[in-house]
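have a look at this fold, sequence not included:
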Ligand SMILES: Cc1cc2nc3c(=O)[nH]c(=O)nc-3n(C[C@H](O)[C@H](O)[C@H](O)COP(=O)(O)OP(=O)(O)OC[C@H]3O[C@@H](n4cnc5c(N)ncnc54)[C@H](O)[C@@H]3O)c2cc1C
């Protein structure tokens, strides 16, 4: 049976592309088609007509020009971790950068160049070989490209800022298939827009970041309490974080304890509240600074120890693997008021799936030092960002878990002060506008009209040109 996708693509044109294309073209019916169309979130199941796996900048240019000629909807993919699955589409074209893995650290200049297909674990491994780091996210198999273009929050953001705060330049293929560079000196308007504006303006084939010294050892890991004490833990935490230095990076997670290291057997399946720590500084200093929080109440687990930064970066990996079913809704809050804490705990106690966990990132520190309008990123002044998420291993029970996540998000609605763009679902224009605020959204629209007036790049948190 032929799919709509096969019918719509002109075979002669595809054959012609195949002759010159630098990379691999994958079509429905090819042996690896099902593997290549898969994204991290298994609840997304889409069947593109063509996957263009680019091996070079020229390959990206060819793919963009080809996609423009076909008029088919086009998705751009790097790590495949878009929460709503925006990097794959039905019956269209996927321009996939996963083969573009080039990485080069300059330890003297303290910079790194990374191609568009690099994953977080790959860049960490390379930069940590020199005791250096780019601030990025908390799961090693996430794509650097999608994460950076939305801002990039993680274990060192309060110390070194967002990923975009360390970005020096980017190489970009525009909607016309032109190659441009964006930096403070070249196309500064575009450079402003790609720092938080997502994939709206072109395909980034390479990033250049400034590096910061860190590790290789850091004091990091989870400390957990029974969820029944979460109200007290969070009230103490709220006061404690007011005084901590920018080296302290923490993420609060509510979940049922997983049956894996470092959790002892008697805790498996129990509802717990976790404060994950990363002290991005001297380990001995960290011991002193983190002590009051670690000693609060009666923790059921303390696995916060000196460990290599790259090991810490991988701690969340087993809890968020490829192939489970996931649903997330993101929102920022100004602070953890009593009401926010009560809502959080009340909903968390009702978590059913052992796979569900939702992070609350503590923002501020270095990321809040930059002006709200210095980059396109929206939400530098927020206190915390929630990623209300539900997960199941298969489709079984997924609908209930999704409803639970929606319920938490909705209950927090009176306290929303925006959202992190990379934690949005596919929620439409109003929500995207809420992320940036009216002034910035209008500036982004102007930029969109200049670089992509036809909205070729529209499978993203879209800035509509009209
Ligand atoms: C397990 C997991 C953990 C996460 N942890 C964090 C975290 O700690 N911090 C954080 O900030 N975010 C985090 N996120 C969210 C993450 O930032 C986004 O999902 C991001 O889009 C992932 O990037 P990707 O390249 O893997 O995504 P993809 O699905 O490949 O792409 C997502 C979107 O980014 C755009 N895009 C991708 N590549 C390019 C490119 N080369 N040029 C232009 N546009 C492009 C496209 O619009 C695409 O639709 C996490 C997500 C997951 C699934």
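In hand now; what should we look at? Keep in mind that what you see is a predicted model, and the values were worked out from it rather than measured.

tell me, what's the model's pLDDT at residue 9?
Per-residue pLDDT puts residue 9 at 85.

tell me the contacts of it?
Listed by C-beta atoms under 8 Å, 6 or more residues apart in numbering, the contact set of residue 9 reads 49, 50, 70, 72. For the C-beta atoms, the positions are set from N, CA and C on the backbone; glycine is no exception.

ok, and the most crowded of the residues you listed?
Using other C-beta atoms under 10 Å as the neighbour criterion, residue 50 leads the contacts of residue 9 with 25 neighbours.

count of neighbours near residue 26?
Using other C-beta under 10 Å, residue 26 has 21 other residues around it.

that one against residue 54, yeah?
No: Residue 26 lies out of contact with residue 54 (C-beta atoms under 8 Å); the separation is 11.8 Å.

chain center to stretch 204-213, what's the gap?
Centroid separation for stretch 204-213 versus its chain: 16 Å, with C-alpha atoms, centre = their mean, to the nearest Å.

quick one on the thing from earlier: make TSV out of the contacts of residue 9 and add secondary structure and pLDDT.
Below are the contacts of residue 9 laid out as TSV (DSSP: H, G, I helix; E, B strand; the rest coil; pLDDT from 0 to 100):
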residue	secondary structure	pLDDT
49	coil	96
50	strand	97
70	helix	92
72	coil	94
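
tell me the helix or strand right after the helix or strand bottoming out on mean pLDDT in the chain.
Least confident helix or strand of the chain, by mean pLDDT, DSSP states H and E, is helix 4-8 with a mean of 50. Downstream of helix 4-8, the first helix or strand assigned by DSSP states H and E is helix 11-20.

other SSEs contacting that next one?
With contacts taken as 3 or more C-beta pairs under 8 Å, 6 or more residues apart in numbering; DSSP states H and E, helix 11-20 sits against strand 23-26, helix 57-70.

include distance to residue 334 when you put these into CSV, please.
Below are those laid out as CSV (distance: least, C-beta to C-beta, whole Å):
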stretch, distance to residue 334
strand 23-26, 46
helix 57-70, 40
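
out of those, flag the one nearest the ligand.
Ranking those by proximity to the ligand (C-beta to the nearest ligand atom) places helix 57-70 first, at 8.4 Å.

flag every buried residue along that closest one.
Across helix 57-70, burial judged by 16 or more other C-beta atoms under 10 Å covers 57, 58, 59, 60, 61, 62, 63, 64, 66, 67, 68, 70.

same question, stretch 431-449
431-436, 440-441, 443-445, 447-448.

touching the ligand at all, that stretch?
No: using C-beta under 6 Å from any ligand atom, stretch 431-449 never reaches the ligand; the gap is at least 12.2 Å.

quick check: mean pLDDT of that stretch?
For stretch 431-449, mean pLDDT rounds to 97.

contacts for that stretch?
With C-beta under 8 Å, 6+ apart as the contact definition, stretch 431-449 has outside contacts at 189-190, 192-193, 196-197, 200-201, 372-373, 376, 378-379, 418-421, 424, 455, 461-465.
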